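Undergrad: The following comprises the amino acid sequence and a computationally predicted model.
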Amino acid sequence: MKYDSIVIGGGHAGVEASLSLARTGNKTLLITLTKKSLSFMPCNPSIGGTAKGHLVCEIDALGGQMGISADANCLQIRMLNMGKGPAVYSLRAQIDKNAYHRNMLAICEKEPNLDILEDEASEIITDENKKVCGVKTKSGEIFECKSAVICVGVYLNSRTITGTVIKNEGPAGFSNATLLTQNLANLGFEIRRFKTGTPPRLDGATIEYNKFIEQKGDTNIQSFSFLTKKTPKNICSCYLGYTTEKTKEIILNNLDKAPMYNGEINGIGPRYCPSIETKIVRFADHDRHQLFLEPETLDTNEIYLQGMSTSMPSEIQKQMVASVEGLEHTKINKWGYAIEYDCINPLNLYATLESKIVKGLFCAGQINGTSGYEEAGAQGLLAGINANLYNKEKQQIILTRDNSYIGVLVDDLTTKGTNEPYRMMTSRAEYRLLLRQDNADIRLTEIGRSVGLVDDIRYKKFKRKMQSIKKAEEMLDTIIKPSKMLDEFLAKYNESPAPKGLSLRALIKRPNITIEAIKKELGYFKGFNKDVLNQISISTKYEGYLAREKQLIERNKKLEEKQIPEDLDFLKLDGIRIEARQKLAEIKPKTIGQASRISGVNPADITILILHLK
């Protein structure tokens with residue numbers, strides 16, 4: 001009954017943590033309430049989206065699983081924000097949620113170092129030094145371990161609410177976990193109560209699709225995984241529609257029945273993914289709100305009504321759905337519901353996701369106050385990486401704000417905390433031109449290799465790409481001599497002539513010129529694939545902006561590298577305001593850079609802290 005590591009919870013965080021541990025040589029046990037919920041998508045059956053697509057590409061670059069399985073079980077894929085700059089291009093895919101679950105379950109069951117147990121974890125066992133040494137289950141079994149990763153999602157003391165129908169259960173009717181919250185509180189964790197929700201599911205065979213706007217997928221775009229050779233096929237379409245004045249009237253006339261407004265729900269919900277009731281009240285001046293019809297799986301006709309998350313009673317949900325043009329006669333297969341659950345204050349964690357309270361205990365996913373499959377998977381992967389390093393008594397890694405969105409996510413959680421379900425957005429990243437989806441492998445694959453997650457196949461492909469980029473970069477200073485062909489090329493794209501010729505670098509920087517056009521019409525960059533050309537194009541066109549971001553990173557690096565001794569007593573530092581001392585003592589920042597980002601600590605406090613350290 002001995003394991004190197006135990007992972008509690010089999011959602012997106014738990015699977016990434018389990019696989020990363022098992023693949024780095026750790027005998028791992030995954031404890032889940034039921035295998036049926038492993039990597040299940042109880043909410044929107046999609047992966048990616050604004051900033052979330054960045055996280056999935058980073059998971060993949062580090063050697064994680066989510067991107068590979070998303071590509072393999074894709075129903076439709078699109079690149080969002082194409083009208084903006086490449087920094088905010090974001091992949092989003094509709095996923096066959098049943099096929100994705102089956103795929104992930106099969107991968108986990110075939111992993112040699114991974115055992116799966118259907119049971120409920122009831123207690124984290126610690127020794128006299130408050131170091132994790134085992135996990136006890138509801139059935140009374142005790143499993144010894146060196147480290148443990150808690151990835152319980154929204155299952156802790158969860159309850160679902162649809163009007164007056166309240167059930168003590170997890171999402172999608174799965175059982176909830178009732179024992180671990182008290183154990184965590186006893187250990188010293190600060191427990192919070194958060195909330196999220198889902199919309200009703202519709203019978204697709206009863207929808208009048210001709211009254212909606214069809215949204216087809218994109219072709220010939222980047223995939224989530226750098227190992228995927230071709231863009232996934234678009235099997236299904238999604239559809240755009242809108243609520244009506246009637247929808248608004250129904251909701252406003254029945255707010256007394258809405259658990260969000262009659263006091264039944266106490267948990268704090270996500271600001272950036274509110275219920276339809278909240279949208280109607282908060283944006284009272286809006287006549288309508290967007291709705292999306294999204295397929296859930298090829299196994300059924302079930303359609304996810306994105307944009308109408310609700311906890312209204314079923315009879316009100318019927319009226320709301322029927323008020324939408326095209327859904328007047330649509331059958332509802334499942335009622336929408338809100339779900340409340342327990343989570344912890346992420347300020348209880350280091351940036352490695354190891355607990356400050358129990359040594360060797362890591363937390364990842366929605367237990368840390370986040371929302372979304374992608375945020376969960378990213379944390380699970382990082383927690384698994386660091387649990388492996390902890391087991392082997394090696395220095396744990398910290399992903400930083402200048403090398404990844406994962407670094408931004410974890411730094412926000414462990415430095416600033418969150419008072420509502422945290423959602424990743426591109427605006428949270430100050431270096432987002434450097435942190436693009438397309439270069440996630442350039443930023444992170446060497447790190448994945450160093451921790452043992454990037455295998456030889458992935459690494460050889462990565463090295464070939466880097467060599468190709470280097471060769472392409474060497475061509476940029478090639479001078480194109482004046483010629484009739486060059487003049488005609490420039491005129492075709494409404495660019496001014498170049499009587500003395502110009503370099504390829506200067507040509508690429510011209511706003512109307514694409515590197516693909518140069519390759520096709522002038523014959524340069526032959527033999528280089530689209531990924532390589534994309535890197536060259538972006539790095540050349542945005543050369544000045546990228547240089548500015550790199551200078552900013554270098555300037556801030558001095559603060560990030562200046563370590564704070566672990567035994568420093570912040571409360572005894574004279575000259576620093578009491579509030580700042582209390583915040584510093586609570587969070588225990590590792591570096592001056594991290595200390596400077598703590599809410600309530602101002603620049604004057606940081607100056608005095610630096611003087612104390614000197």
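TA: Ah, there it is.
Undergrad: Please make it C-alpha for all contacts and neighbour counts, starting now.
TA: Fine.
Undergrad: which residues touch stretch 218-233?
TA: For stretch 218-233, contacts defined as Cα atoms under 8 Å, 6 or more residues apart in numbering pick out 53, 56-57, 60-61, 67-68, 70-72, 74-79, 91, 234, 438, 441, 458.
Undergrad: cool, and stretch 501-512?
TA: So stretch 501-512 is contacted by 475-482, 493-495, 513-515, 537, 540-541 (Cα under 8 Å, 6+ apart).
Undergrad: now, which of those lie within helices?
TA: Secondary structure from DSSP state H places Ile515, Ser537, Thr540, Lys541 of the contacts of stretch 501-512 in helices.
Undergrad: Helix or strand for Glu446, just tell me which one.
TA: helix 440-450 (DSSP states H and E).
Undergrad: Would you indicate which residues of that helix are buried?
TA: By 16 or more other Cα atoms under 10 Å, the buried positions in helix 440-450 come out as Ala440, Asp441, Ile442, Arg443, Leu444, Thr445, Glu446, Ile447, Gly448, Arg449.
Undergrad: Tyr239 belongs to a strand?
TA: Yes: membership of Tyr239 in a strand is supported by DSSP: H, G, I helix; E, B strand; the rest coil.
Undergrad: Separate out the buried members of the contacts of stretch 501-512.
TA: Leu476, Glu495, Ile513, Thr514, Ile515, Ser537, Thr540, Lys541.
Undergrad: low pLDDT regions in the stretch 51-200 of the chain?
TA: Residue ranges of the stretch 51-200 of the chain with pLDDT under 70: none are present.
Undergrad: Mind jotting down where the helices sit in the stretch 51-200 of the chain?
TA: Counting by DSSP state H, counting those that start in this stretch, the stretch 51-200 of the chain has these helices, from start to end: 52-61, 66-72, 97-110, 180-187.
Undergrad: pLDDT and distance to Lys216 for the buried ones among the contacts of stretch 501-512 - can I get that in a markdown table?
TA: Formatted as a markdown table, those follow (pLDDT from 0 to 100; distance: Cα to Cα, whole Å):
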| residue | pLDDT | distance to Lys216 |
| --- | --- | --- |
| Leu476 | 95 | 37 |
| Glu495 | 93 | 34 |
| Ile513 | 95 | 28 |
| Thr514 | 94 | 25 |
| Ile515 | 95 | 27 |
| Ser537 | 96 | 27 |
| Thr540 | 95 | 32 |
| Lys541 | 94 | 30 |
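Undergrad: of all those, which comes closest to Asp115?
TA: Using Cα to Cα, Ser537 comes nearest to Asp115 of the buried ones among the contacts of stretch 501-512, at 46.0 Å.
Undergrad: show me what contacts the nearest residue to the closest one once chain neighbours are set aside?
TA: Once flanking residues are discounted, Ser537 sits nearest to Ile515: 6.2 Å by Cα to Cα, 6 or more residues apart in numbering. Residues near Ile515 by Cα under 8 Å, 6+ apart: Ile508, Leu533, Asn534, Ser537.
Undergrad: residues in contact with the residue nearest to Gly11 when sequence neighbours are not counted?
TA: Nearest non-adjacent residue to Gly11, counting by Cα to Cα, 6+ apart: Ser39, 4.6 Å away. By Cα under 8 Å, 6+ apart, Ser39 lies in contact with Gly10, Gly11, His12, Val15, Tyr100, His101, Met104, Leu105.
Undergrad: cutoff 7 Å now
TA: Gly10, Gly11, His12, Val15, His101, Met104 (Cα atoms under 7 Å, 6 or more residues apart in numbering).
Undergrad: Just the buried subset of those, written out for PyMOL, thanks.
TA: Of these, the buried ones go into a single PyMOL selection, burial set by 16+ other Cα under 10 Å:
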select buried, resi 10+11+12+15+101+104
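Undergrad: Sort out which one of the contacts of Ser39 lies nearest Lys550 for me.
TA: Among those, and counting by Cα to Cα, the member closest to Lys550 is His12, at 33.0 Å.
Undergrad: so what pLDDT did that closest one get?
TA: pLDDT recorded at His12 is 98.
Undergrad: so it touches Gln379, yeah?
TA: No: assessed by Cα atoms under 7 Å, His12 is found out of contact with Gln379, at 9.4 Å.
Undergrad: what residues are shared contacts of those two?
TA: Counting by Cα under 7 Å, 6+ apart, nothing touches both His12 and Gln379.
Undergrad: ok, back up a step: which ones among the contacts of stretch 501-512 map onto strands?
TA: Those of these mapping onto strands are Ile479, Ile480, per DSSP state E.
Undergrad: what's the angle between the helix holding Glu446 and helix 52-61?
TA: Calculated by axes from the mean of the first three to the mean of the last three Cα atoms, to 10 degrees, helix 440-450 forms an angle of 40 degrees with helix 52-61.
Undergrad: can you put the contacts of Ser39 in JSON lines and add distance to Ile564?
TA: Output for those, formatted as JSON lines (distance: Cα to Cα, whole Å):
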{"residue": "Gly10", "distance to Ile564": "36"}
{"residue": "Gly11", "distance to Ile564": "35"}
{"residue": "His12", "distance to Ile564": "34"}
{"residue": "Val15", "distance to Ile564": "34"}
{"residue": "His101", "distance to Ile564": "44"}
{"residue": "Met104", "distance to Ile564": "41"}
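Undergrad: Of the contacts of Ser39, just say which sits nearest to Thr160.
TA: Gly11 (18.0 Å).
Undergrad: Torsion angles phi and psi at the closest one?
TA: With angles defined as degrees, to the nearest 10, Gly11 sits at phi -80, psi -160.
Undergrad: For Ala440, see how far away it is.
TA: In this view, Gly11 and Ala440 are 24 Å apart by Cα to Cα, to the nearest Å.
Undergrad: mind listing what Ala498 touches?
TA: Neighbour list for Ala498: Pro482 [criterion: Cα under 7 Å, 6+ apart].
Undergrad: and which of the buried ones among the contacts of stretch 501-512 is nearest Asp4?
TA: Once Cα to Cα is applied, the member of the buried ones among the contacts of stretch 501-512 that ends up nearest Asp4 is Ser537, at 45.9 Å.
Undergrad: Determine how far the helix holding Glu446 lies from the middle of the whole chain.
TA: 17 Å (Cα atoms, centre = their mean, to the nearest Å).
Undergrad: Repeat that for stretch 585-593.
TA: Distance of stretch 585-593 from its chain centroid, counting by Cα atoms, centre = their mean, is 25 Å.
Undergrad: Kindly report the same for stretch 437-449.
TA: Counting by Cα atoms, centre = their mean, stretch 437-449 is centred 16 Å from the centre of its parent chain.
Undergrad: next one: stretch 571-584
TA: When distances are taken as Cα atoms, centre = their mean, stretch 571-584 is centred 34 Å away from the chain's centroid.
Undergrad: First-to-last residue distance for it?
TA: 8 Å.
Undergrad: what's that stretch in contact with?
TA: Phe570, Ala585, Ala595, Gly600, Val601, Asp605, Ile608.
Undergrad: got the buried residues for it?
TA: For stretch 571-584, a neighbour-count test (16+ other Cα under 10 Å) marks Leu571, Ile576, Ala580, Arg581, Gln582, Lys583, Leu584 as buried.
Undergrad: After whichever strand or helix holds the last one, which helix or strand is next?
TA: So the one you mean is Leu584. Here Leu584, judged by DSSP H and E, is contained in helix 578-587. Going down the chain from helix 578-587, the next helix or strand is helix 592-596, by DSSP H and E.
Undergrad: what is the mean pLDDT for that next one?
TA: pLDDT averaged over helix 592-596 gives 91.
Undergrad: Check which residues of it are buried.
TA: Ile592, Gly593, Gln594, Ala595, Ser596.
Undergrad: wait, what's in contact with the second one?
TA: When contacts are counted by Cα under 7 Å, 6+ apart, Gly593 touches Leu559, Glu560.
Undergrad: Tell me the spacing between it and Lys416.
TA: For Gly593, the distance to Lys416 equals 13 Å [Cα to Cα].
Undergrad: For the stretch 301-450 of the chain, which segments count as strands?
TA: 302-306, 332-334, 337-344, 361-363 (DSSP state E, counting those that start in this stretch).
Undergrad: Flag the shaky bits of the stretch 251-400 of the chain, pLDDT-wise.
TA: Short version for the stretch 251-400 of the chain, where the test is pLDDT under 70: none.
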